[in-house]
Every structure is written in structure tokens, then in C-alpha cells.
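A.B. asks: give the three-dimensional model of this entry:
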Amino acid sequence: MGSVAHNYLRTSKMPHIWCPGCGNGIITQALLKAIDQLQLDPQKIVVVSGIGCSSRAPGYLDFNTLHTTHGRALAFATGVKHGNPDLTVIALTGDGDCAAIGGNHLIHACRRNIDITTVVFNNNVYGMTSGQFSPLTPVGSYATTAPYGNIDRSFDLCQLSQAAGASFVARSTTYHANHLKDMIVSALQNKGFSLVEAMTHCPTYFGRRNRIGGPVEMLKQQQEQGVTVQAAARMTPEELTGKYLIGELHNQPLPEFCEQYQQVIAKAGGAR
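C.D. replies: Residues are numbered from 1 along each chain as shown. Prediction:
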């Protein structure tokens with residue numbers, strides 16, 4: 001990452017704990033490149049996480065950071081943003097942390113449209129605790145808690161976020177690293193709740209158990225399965241089977257929660 005790494009990383013915390021070949025470093029790099037491109041003030045950035053492999057990222061980032069309890073990243077992030085709306089608040093979370101125990105916090109953060117950028121590291125599995133299946137594990141995939149194949153249907157986190165009220169929703173992959181950076185840039189520029197689902201790879205628990213292969217093979221799978229919104233518009237439903245859309249999936253400016261709350265305070269003051 002060159003100068004970006006030296007500017008924004010706590011190098012004293014290295015080496016990191018992520019497994020060799022893990023995609024979390026690619027997502028973290030994309031985030032830092034997005035912050036650098038926008039020239040955001042590091043002193044006014046707060047990065048919040050819950051528990052999980054992805055949630056260790058704030059420990060390596062030289063911003064104001066919070067490593068909180070499981071599933072509660074968005075609850076803490078909401079408090080930070082509500083307390084000081086001038087801050088740039090970024091939540092880093094995983095498919096288990098965000099979509100399972102943290103799912104309720106996610107839908108209400110979307111509903112409020114509070115100005116938080118959430119990056120979901122989706123590796124389809126609980127990587128830190130030995131590979132249990134998550135709400136985003138594909139049907140039929142194997143996990144330590146699904147040794148004969150997962151039968152729970154996964155849901156589309158982007159569709160869920162849009163339906164719950166998020167004003168910006170996007171998806172990318174660790175294979176499409178520059179594209180991922182661009183999606184995070186757009187998310188940070190949105191005045192409201194933004195979610196970027198970053199499809200990533202866990203070779204240690206998901207790739208090995210599902211016989212996909214190592215990091216290279218898993219990245220190739222992302223290349224094959226990730227289809228841009230523009231390309232998908234020219235494809236038939238049959239051609240899109242087994243694929244997922246990447247790119248800007250939803251962008252609809254809406255009133256932002258903190259600004260609306262300030263209006264409530266002003267009305268209450270006038271009433272008194």
C-alpha cells in the first residue's frame with residue numbers, strides 16, 4: 001500500500017492475526033485507499049467493529065477506533081455518530097457479526113438512515129470460531145456445524161438493507177479490488193446509511209472444507225460469479241444462475257437521521 005500504509009496503519013500492531021491468503025487485508029486496503037482518495041481527516045474518523053476476523057481490522061488502523069461486543073458494532077457506531085455528527089463513522093463487520101446477532105441493529109440503522117458507512121466482510125462463514133455456517137452461507141455448503149451440507153437458506157444482505165431503508169447499497173469482491181475501493185468511496189460520500197458488501201474468501205475454513213481450493217482458486221471463483229450491474233442487464237436469467245451482482249445496487253438520497261434530530265431539538269426549544 002506504500003505511503004497509504006504508513007499514513008493510516010498502526011505498524012506497531014503488526015504482524016496481523018489473519019491467516020495466509022485471507023481476503024481481509026484486501027478489503028482493509030480498499031478502505032484505506034478510499035479514505036486517502038477523499039483526503040478525509042484521520043482525526044475525525046471513527047472505525048467501529050464487533051467480534052470476528054473482520055472485526056480485528058480497527059486494531060491495525062490509526063484512527064479513533066472501537067472494538068466492541070459481538071453484533072453490536074452498529075449500536076456503538078450509532079451512539080458515536082449521534083453524539084458527534086461531524087465525525088466520519090465507519091463500521092467494519094462480518095457476515096455473522098452483522099447478519100446474525102447484529103441483524104436487528106442493521107435493519108434499524110438502515111431504517112433511520114443514519115450517516116454511517118458499513119463495510120461487511122462476507123466470507124460465508126464464522127472464520128474466527130472454526131468455521132460454523134452463517135446466515136450468508138450458501139445452501140449445500142459445508143461447515144463445522146453443517147458437516148452434511150447447510151440446509152438454511154441464505155438471504156441477500158444488499159436486498160435486505162435496501163428494503164430496510166438504507167440510502168446507498170453496493171457490492172464488490174476481493175478479486176475486484178479497485179472496484180471495491182470505488183464502491184467504498186461512493187459509500188463514504190453518501191449522506192445517510194451506506195452498506196458495502198465485500199465478498200471475500202476464507203481459504204482456511206470455507207475454501208478447504210468445500211474443496212474450492214486455496215486463495216487463488218477462491219479469487220477466480222469471485223471473478224466468475226461476480227457480474228457487474230451493467231453486464232447483468234444484457235444477460236438472460238439462465239446466464240445469471242449462480243452469479244451475483246456487483247456494483248452500485250441502490251442509491252436514493254433520503255433525509256439523514258442526525259440532521260432530522262437536530263430539527264426536533266430546534267422545534268422543542270421553540271416550543272419552550
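A.B. asks: quick check: Asn210 touching Thr137?
C.D. replies: No: look at Asn210 against Thr137 with Cβ atoms under 8 Å: they stay out of range, at 9.7 Å. C-betas here are computed from N, CA, C, even on glycine.
A.B. asks: more neighbours: which of those two?
C.D. replies: Thr137 (27 against 20; other Cβ atoms under 10 Å).
A.B. asks: the more buried one falls within a strand, correct?
C.D. replies: No: read with DSSP: H, G, I helix; E, B strand; the rest coil, Thr137 is coil and lies in no strand.
A.B. asks: next, the buried residues of stretch 12-23.
C.D. replies: Trp18, Gly21, Cys22, Gly23 (16 or more other Cβ atoms under 10 Å).
A.B. asks: now for the last one: which residues touch it?
C.D. replies: Looking back up the chat, that one is Gly23. Gly23 makes contacts with Phe121, Asn123, Thr174, Ala198, Thr200, His201, Cys202, Pro215, Met218, Leu219, as judged by Cβ atoms under 8 Å, 6 or more residues apart in numbering.
A.B. asks: my read is that Ser130 contacts Cys202, right?
C.D. replies: No: between Ser130 and Cys202 there is no contact under Cβ under 8 Å: 11.2 Å.
A.B. asks: between those two, which has more neighbouring residues?
C.D. replies: Comparing Ser130 with Cys202 by other Cβ under 10 Å, the one with more neighbours is Cys202, at 29 against 12.
A.B. asks: phi and psi next, for that one.
C.D. replies: phi -120, psi 90 (degrees, to the nearest 10).
A.B. asks: leaving out chain neighbours, which residue sits closest to it?
C.D. replies: Spatial nearest neighbour of Cys202, excluding adjacent residues (Cβ to Cβ, 6 or more residues apart in numbering): Asn123 at 4.0 Å.
A.B. asks: ok, the one you found to Ile151 distance?
C.D. replies: 20 Å (Cβ to Cβ, to the nearest Å).
A.B. asks: between the two, which one's more packed in?
C.D. replies: Between Asn123 and Ile151, counted using other Cβ under 10 Å, the more crowded position is Asn123 (32 against 9).
A.B. asks: and the more buried one, how far from Thr173?
C.D. replies: From Asn123 to Thr173 the distance is 11 Å (Cβ to Cβ).
A.B. asks: so what sits against both of these two?
C.D. replies: Common neighbours of Asn123 and Thr173, counting by Cβ under 8 Å, 6+ apart, are Thr200.
A.B. asks: next, count neighbours for Gln43.
C.D. replies: 8.
A.B. asks: that should have said Ala77, apologies.
C.D. replies: 29.
A.B. asks: what about the closest residue in space to Met235 that isn't next to it in sequence, which SS state?
C.D. replies: Excluding its sequence neighbours, the residue lying closest to Met235 (Cβ to Cβ, 6+ apart) is Val227, at 7.0 Å. State at Val227, reduced to three classes by three-state DSSP: strand.
A.B. asks: give the bridge partners for Val227, please.
C.D. replies: Beta-bridge partners recorded for Val227 (DSSP bridges): Leu245.
A.B. asks: quick one, what contacts it?
C.D. replies: Going by Cβ under 8 Å, 6+ apart, Val227 touches Met235, Leu240, Lys243, Tyr244, Leu245, Ile246.
A.B. asks: show the low-confidence segments of this structure, by residue range.
C.D. replies: 1-5, 271-272 (pLDDT under 70).
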